[in-house]
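S.K.: could you work out the structure for the sequence below:
(one chain, ligands or ions: 1)
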Amino acid sequence: MKKIAILPGDGIGQEIVAEAVKVLECLRDDHGLDVVLEQGLVGGTAYDATGTPLPEETLKLAQEADAVLLGAVGGYQWESLDIAVRPEKGLLGLRAELGLFANLRPAILYPQLADASTLRPEVVSGLDIMIVRELTGGIYFGQPRGVRTLDNGERQGYNTLVYSESEIRRIGKVAFEIAAKRQGRVCSVDKANVLECTELWREVMTDEAGAHPDIELSHMYVDNAAMQLVRAPKQFDVMVTTNMFGDILSDCAAMLTGSIGMLPSASLDENGKGMYEPIHGSAPDIAGQNVANPLATILSVAMMLRYTLDAPAMAERIEQAVSTVLDEGLRTQDIWSEGTRKVSTSEMGDAVVAAMRRQ
Ligand code: NAD
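M.R.: Numbers count the residues shown, from 1 in each chain. Next up is the predicted model:
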């Protein structure tokens, strides 16, 4: 029996996670998924109830669970709080405490939604990229860092890009293993022509590729990768890159799809345990209205089944059901267009469950 920690968080987090739970319950009740679901508080909601955005109880629940499903955190009412107890601290605390070093961000564009992209439909229709971003190292964490005053009185800001061989190898391994479940191609993105640290990155990636003979490895400089992502994004299968390059490229890739409410994500530890969440935030502007798109969260459950629970057939069942409801013309307001049927958050969740039951 696997334990899943359910952390809805704030704003639309509450509404979208409720729909993802319906999907998990359907798999548990109708298809034999052996799981127990336990709810916890995180973010502003947790702060209001306990005085901290990451209560001990929630951390313990997340540590003991096999996987975590998170909604989103944040909201206007907590913006004036001291930074140490802001909702985002709950999320960052979870990532750090759970040792989640690999961030998986798919950019998928369902053909039914090709018009939502700012790029021409033929460039992006059917897009399916997985960006694997190193999450706990690199320039965002490297020491020394700070702002110092030079002898001439001028201030100077500085950060350090640092990666050890083992950090590069473990993120590479994640990327190669994911590629083995996809089209078998990894593109490692670096700036090896300028940065020694990423010269080592390239060397270690090439070495690690030797342990994955079925995977085709290519290398690309980050400036070219950014250009290729908007020129011909369908050339990519899996991209693996550093923390900062991944931060930028994954947002760029996500926006190729034009629909923030559709994109899931995962952050994994050394043992494949993961935290799964939509890429969007708590959308306080639409919270409580039953209009948010729950599909990113539902698709996060599919990622959980594939990458932590090792149940790819159930993951496909969810993805197929999502495709079916889109084929049927159901749309929440964020992806609605003329000729399709506008549905609420809960109607969308119910439709996905109904489509799963019909399969
Ligand atoms: P956001 O992603 O919450 O919202 C951006 C826009 O997209 C809004 O117009 C929103 O209505 C829309 N949107 C987002 N998700 C949607 C969905 N599922 N369906 C329909 N529309 C959706 O980003 P923001 O407005 O910059 O931030 C709002 C709050 O969320 C802030 O407090 C921020 O700190 C927090 N945030 C949290 C996370 C997280 O929990 N991982 C990520 C980003 C932002």
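S.K.: as a quick check, tell me the outermost residue of this structure.
M.R.: Distance from the C-alpha centroid of the chain, by Cα atoms, centre = their mean, peaks at Asn152 (45.0 Å).
S.K.: distance of that one relative to the ligand?
M.R.: As defined by Cβ to the nearest ligand atom, to the nearest Å, Asn152 lies at a distance of 39 Å from the ligand. In short, each C-beta sits where N, CA and C put it, glycine included.
S.K.: please apply the same query to Leu92.
M.R.: Applying Cβ to the nearest ligand atom to Leu92 and the ligand gives a distance of 10 Å.
S.K.: what's the burial count for that residue?
M.R.: 13 (other Cβ atoms under 10 Å).
S.K.: now for it: which residues touch it?
M.R.: For Leu92, the contact set (Cβ atoms under 8 Å, 6 or more residues apart in numbering) is empty.
S.K.: helix, strand, or coil at it?
M.R.: Here Leu92 is recorded as helix under DSSP: H, G, I helix; E, B strand; the rest coil.
S.K.: which pLDDT does the model give it?
M.R.: Leu92 carries a pLDDT score of 87 in this model.
S.K.: okay, and the residue nearest in space to the middle of the chain sits in which element?
M.R.: When Cα atoms, centre = their mean is applied to the chain, the residue found nearest the centroid is Ser265 (1.8 Å). Assessed by DSSP states H and E, Ser265 sits inside strand 264-268.
S.K.: quick check, that strand touching the ligand?
M.R.: No - for a cut-off given as Cβ under 6 Å from any ligand atom, strand 264-268 has no contacts with the ligand; the smallest distance is 8.5 Å.
S.K.: what's the first helix or strand after that strand?
M.R.: Following strand 264-268 in sequence, per DSSP H and E, is strand 274-278.
S.K.: do you have the helices of the stretch 251-359 of the chain handy? List them.
M.R.: In the stretch 251-359 of the chain, helices defined by DSSP state H, counting those that start in this stretch lie at 295-307, 312-327, 345-358, listed in chain order.
S.K.: so which of those is nearest Asp214?
M.R.: helix 312-327 (17.5 Å; Cβ to Cβ).
S.K.: coming back round to it: which other helices and strands contact the strand holding Ser265?
M.R.: Counting contacts by 3 or more Cβ pairs under 8 Å, 6 or more residues apart in numbering; DSSP states H and E, strand 264-268 packs against strand 102-108, strand 274-278, helix 295-307.
S.K.: give me the contacts around that strand.
M.R.: For strand 264-268, using Cβ under 8 Å, 6+ apart, the contacting residues are 95, 98, 100-106, 135, 174, 274-279, 296-297, 299-300, 302-304, 307-308.
S.K.: centre of the chain to that strand, how far?
M.R.: In terms of Cα atoms, centre = their mean, to the nearest Å, the centre of strand 264-268 is set 4 Å apart from its chain centre.
S.K.: neighbouring strands - and their directions - for it?
M.R.: strand 102-108 (antiparallel), strand 274-278 (antiparallel) (DSSP bridges).
S.K.: what's the most buried one of these?
M.R.: With neighbours taken as mean count of other Cβ atoms under 10 Å, these reach their highest mean count in strand 274-278, at a mean of 27.
S.K.: starting at the chain centroid, how far to the longest helix seen in the chain?
M.R.: For the chain, the longest helix by residue count, based on DSSP state H, is helix 13-31. How far helix 13-31 lies from its chain's middle: 18 Å, per Cα atoms, centre = their mean.
S.K.: what helices and strands are in contact with that helix?
M.R.: So helix 13-31, by 3+ Cβ pairs under 8 Å, 6+ apart, packs with strand 2-9, strand 35-39, strand 67-72, helix 295-307, helix 312-327, helix 345-358.
S.K.: look up the closest residue to whatever residue of the stretch 201-350 of the chain ends up closest to the ligand, ignoring the ones flanking it.
M.R.: Nearest to the ligand in the stretch 201-350 of the chain, going by Cβ to the nearest ligand atom, is Gly281, at a distance of 2.4 Å. Distances taken as Cβ to Cβ, 6 or more residues apart in numbering put Ala72 closest to Gly281, at 5.0 Å, once the chain neighbours are dropped.
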